[in-house]
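# below are the sequence and a predicted model for it; my questions follow.
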Amino acid sequence: MTKKTIPTHFIIDIDGIMTDGRMVYSQYGKEFKLFGPDDNDALQILKKYLKLVFITADKRGFKISKKRINTDMKMDLMLVDGKNRKNILNKKFNLNKSIFMGDGIFDYQVMKSCMYSIAVKDSLDHVKKNADYIVDRTGGNRAVAAASIHILNFFFKISFENLIDE
């Protein structure tokens with residue numbers, strides 16, 4: 001039996017993963033995104049084990065995502081084009097040592113190139129087909145928290161309950 005490689009990065013898409021994917025518009029443009037509960041709490045624990053990176057292709061909603069990720073959560077956020085995502089991320093990070101969580105139309109390209117990939121249950125079919133693991137939750141509904149618990153258990157053999165009970 002070969003030893004399981006430990007990942008170095010967890011790259012997380014914003015829209016449809018950290019949020020429910022909906023964007024609320026008014027006459028002034030994009031105003032709101034809906035972020036879900038518990039994801040930040042789980043990520044605060046997971047970041048002790050690997051580097052967390054958030055990405056979005058949403059230029060118009062970037063200020064909204066930046067407020068949540070950079071300001072509130074104190075984590076890194078990158079604007080990364082969806083069509084060129086695989087090439088951009090591969091240059092910046094070693095995808096062979098990275099976990100990627102996505103749901104969008106082009107995310108399967110990154111999933112095919114990374115060490116391990118996670119999708120949410122309402123991802124497009126071709127995306128789920130290329131995921132190593134599918135979280136039984138939708139984006140913005142504790143999907144990242146569930147993925148974080150899975151990563152702790154699968155890669156680090158750590159029980160989330162044992163971490164909390166310590």
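Ah, there it is. Numbering: from 1, shown residues only.

# what stretches of the protein score poorly on pLDDT?
1-3, 164-166 (pLDDT under 70).

# rerun at 50
Residue ranges of the chain with pLDDT under 50: 1-2.

# now do the strands in it.
9-13, 19-26, 29-35, 51-56, 76-79, 98-101, 116-120, 133-135 (DSSP state E).

# the closest residue to Lys51 other than its chain neighbours - how many residues pack around it?
What sits nearest to Lys51 in space, not counting adjacent residues and going by Cβ to Cβ, 6 or more residues apart in numbering, is His9, at 4.8 Å. Glycine gets a C-beta too; all of them are placed from N, C-alpha and C. By the criterion of other Cβ atoms under 10 Å, His9 has 20 neighbours.

# determine the longest helix present in the protein.
The helix that spans the most residues within the chain, counting by DSSP state H, is helix 143-156.

# can you count the residues close to the closest residue in space to Lys47 that isn't next to it in sequence?
Leaving out its chain neighbours, the residue that sits closest to Lys47 by Cβ to Cβ, 6+ apart is Met75, at 7.6 Å. The number of residues packed around Met75, counting by other Cβ under 10 Å, is 18.

# also Lys74?
10.

# Leu50 now?
The number of residues packed near Leu50 is 18, by other Cβ under 10 Å.
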